[in-house]
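Asker: I'll drop the sequence and a predicted model, then ask my questions.
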Amino acid sequence: MRMDYDVPKPEIKVVHSKQANCPNVINQVLHGIEEEGLPYSVEESDENNPVELAFRGAELSHLGVGIGISNETVVLHFIKLKEDQPLFIIPTYSNEATLRAIGSNAARLVKRMPFKNLDNTELS
């Protein structure tokens, strides 16, 4: 007898607005997560508030870490924080290194490593 259980995967959830037309931003954030070696999944939402998207991602993530992306903003959230108080907020027009750094920081939050500064240097 084979039993299939729908076990949640330990992954960072990246949730972007359906209205977000910024594939390069999404890709750079995902590259940052990949560089740290953690799994992720991407979802699309009707919501357009990046803080709500990020918190929703944190709720859906078995790791408690979510990233929300709208046309203007990228937000990193952690489930143990208040919904209206995300960890990092950056504009989508940030350079590629900064976009990758916020993805890296999502993974580093899980791995309990020091964050990268959003100018891509280590924070102590």
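Answerer: The structure has been received and is ready for your questions.
Asker: give me the longest helix you can find in the chain.
Answerer: Taking DSSP state H as the criterion, the chain has its longest helix at helix 96-111.
Asker: average pLDDT for that one?
Answerer: In this model, helix 96-111 has a mean pLDDT of 97.
Asker: likewise for stretch 40-55?
Answerer: pLDDT averaged over stretch 40-55 gives 97.
Asker: so how far is that stretch from its chain's centroid?
Answerer: Stretch 40-55 sits 9 Å away from the centroid of its parent chain (C-alpha atoms, centre = their mean, to the nearest Å).
Asker: just the CA coordinates of stretch 81-91, formatted as PDB?
Answerer: The C-alpha coordinates for stretch 81-91 follow below in PDB (Å, rounded to 0.1, in the frame of the first residue of the first chain):
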ATOM      1  CA  LEU A  81       7.600  39.900  12.400                       C
ATOM      2  CA  LYS A  82       4.400  42.000  12.500                       C
ATOM      3  CA  GLU A  83       2.700  42.000   9.100                       C
ATOM      4  CA  ASP A  84       3.300  45.800   8.700                       C
ATOM      5  CA  GLN A  85       7.000  45.600   9.700                       C
ATOM      6  CA  PRO A  86       9.000  43.700   7.000                       C
ATOM      7  CA  LEU A  87      12.700  43.100   7.300                       C
ATOM      8  CA  PHE A  88      13.800  44.800   4.100                       C
ATOM      9  CA  ILE A  89      12.200  47.000   1.500                       C
ATOM     10  CA  ILE A  90      14.000  48.100  -1.800                       C
ATOM     11  CA  PRO A  91      12.700  49.700  -5.000                       C
END
